[in-house]
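# Quick one: sequence plus predicted model below, questions after.
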Amino acid sequence: MSAIRWRDIIITVVTVTAVALLWELIVRVFNVPLFLVPPPSRILDEVLQRPELYATHTWVTLLETLLGFVLATVFGIVMGILIVYSRLLQGILYPIVVVLQIVPKIAVAPLLLIWLGYGLQSKLMVALLVAFFPIVVTTVTGLRAVEQDLLDLVRVLKGGRWQEFVKVRFPYALPFIFSGLKVAITLAVIGAIIGEFVGSNSGLGYLVIAANAELRTPMSFAALILLSVLGLALFGLIVAIERLLIPWGVTEEEQLPVTGA
């Protein structure tokens, strides 16, 4: 790892630790009731007392998220390609994509529950609907952002539309697509949780609902923190895949201003 990345990791660890210690101190000094805000030590104890419970529900949410994200990636990229290469399909598909994005997913989730049942299908479908929009938009943007000189070069070399797509447009669009994927993976987590809130008997969203109904605040906080860790881990996975597949892409260090030495 570069020195900048090690510094970022250290800053993150120190910040999280400081926040946890301050949280613990405030709760204990002001004697905040446990059912309002539990201290981090109590939340950690809750997880350690029942690791199998939290592992099981985390796996359910992870599966819903990943399946919904994979489907969103496939449909989003294919739809983006169709929109770019067909004016007719652009006129048909783009309004549908925008309408699906505008409609509140919390309102659609009960319908999906009726149509698909309380199982895995309804949850991953909500995750798909929430996550696919940024993938479509960034795919279209990337495919259309190719420099005209590169396209002219392909035509001079007698390359067809397939060669143009495989060797120029799609590689050029990959950094854009991965930008959409990084947004989409976090949205897929949100989509899975929306599905679990509406109707489920498993998953971290279900744990939050069950814990709130019984005023078991440490369990609710534990599920929320695990959700945050899950989202961060999946985001980091997409970043790692991006660095592996497109090392020529713009790195985050180049995109963000770096202050200090």
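Looks like it came in fine.
# Spit out the contact partners of Gly180.
For Gly180, the contacting residues are 76, 134-139, by C-beta atoms under 8 Å, 6 or more residues apart in numbering. Using the backbone N, CA and C atoms, a C-beta is placed for each residue, glycine as well.
# Out of those, which is nearest to Ala213?
Nearest to Ala213 among the contacts of Gly180: Pro134, at 33.4 Å, using C-beta to C-beta.
# ok, now how distant is that closest one from Val208?
25 Å (C-beta to C-beta, to the nearest Å).
# Ok, Arg87 next?
From Arg87 to Val208 the distance is 46 Å (C-beta to C-beta).
# So for these two, which residue has more residues nearby?
Shown here are Arg87 and Val208; by other C-beta atoms under 10 Å, Val208 has more neighbours (21 against 9).
# Would you confirm that the more buried one contacts Phe221?
No - contact criterion C-beta atoms under 8 Å: Val208 and Phe221 do not qualify, at 9.2 Å.
# domains for this protein, by residue range?
Structural domains assigned to the chain are 1-32, 39-255, following automatic domain parsing.
# avg pLDDT for the last one?
Domain 39-255 carries an average pLDDT of 90.
# ok, now which ones touch Pro104?
Applying C-beta under 8 Å, 6+ apart, no residues contact Pro104.
# buried ones in the helix or strand encompassing Leu244?
Using DSSP states H and E, Leu244 sits in helix 217-245. Neighbour-count burial for helix 217-245 flags 217-224, 226-227, 230-231, 234-235, 238-239, 242 (criterion: 16 or more other C-beta atoms under 10 Å).
# what's the answer for stretch 37-50, then?
Buried-residue list, stretch 37-50, by 16+ other C-beta under 10 Å: 37-40, 42-43, 46-47.
# How about stretch 114-121?
Across stretch 114-121, burial judged by 16+ other C-beta under 10 Å covers 116, 120-121.
# For stretch 155-168, C-alpha coordinates in CSV please.
Extracted in CSV, the C-alpha atoms of stretch 155-168 (Å, rounded to 0.1, in the frame of the first residue of the first chain):
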residue,chain,number,x,y,z
ARG,A,155,-12.8,3.5,-38.6
VAL,A,156,-9.6,4.4,-40.4
LEU,A,157,-8.3,0.9,-39.4
LYS,A,158,-11.5,-0.6,-40.9
GLY,A,159,-12.8,-1.7,-37.5
GLY,A,160,-16.5,-2.6,-37.2
ARG,A,161,-18.9,-1.5,-34.5
TRP,A,162,-18.1,-4.6,-32.5
GLN,A,163,-14.3,-3.8,-32.5
GLU,A,164,-15.2,-0.2,-31.6
PHE,A,165,-17.3,-1.4,-28.6
VAL,A,166,-14.9,-4.1,-27.3
LYS,A,167,-11.6,-2.2,-27.8
VAL,A,168,-12.5,1.4,-27.4
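# Check which residues of it are buried.
159, 164-165, 168.
# same question, stretch 91-98
Residues 93, 97 are the ones in stretch 91-98 that count as buried (16+ other C-beta under 10 Å).
# Contacts for it, please.
79, 82-83, 132-133, 136.
# And stretch 157-175, by the same measure?
With C-beta under 8 Å, 6+ apart, stretch 157-175 has contacts from 81, 85, 139, 141-143, 145-147, 150-151, 154-155, 242, 245-246, 249-250.
# Show me how far that stretch is from its chain's centre.
Computed by C-alpha atoms, centre = their mean, to the nearest Å, the chain-centroid distance of stretch 157-175 equals 28 Å.
# same for the helix holding Leu244, what does it pack against?
Judged by 3 or more C-beta pairs under 8 Å, 6 or more residues apart in numbering; DSSP states H and E, helix 217-245 is in contact with helix 40-49, helix 51-85, helix 170-198, helix 204-213.
# For the first one, name the packing helices and strands.
Using 3+ C-beta pairs under 8 Å, 6+ apart, the elements in contact with helix 40-49 are helix 3-29, helix 217-245.
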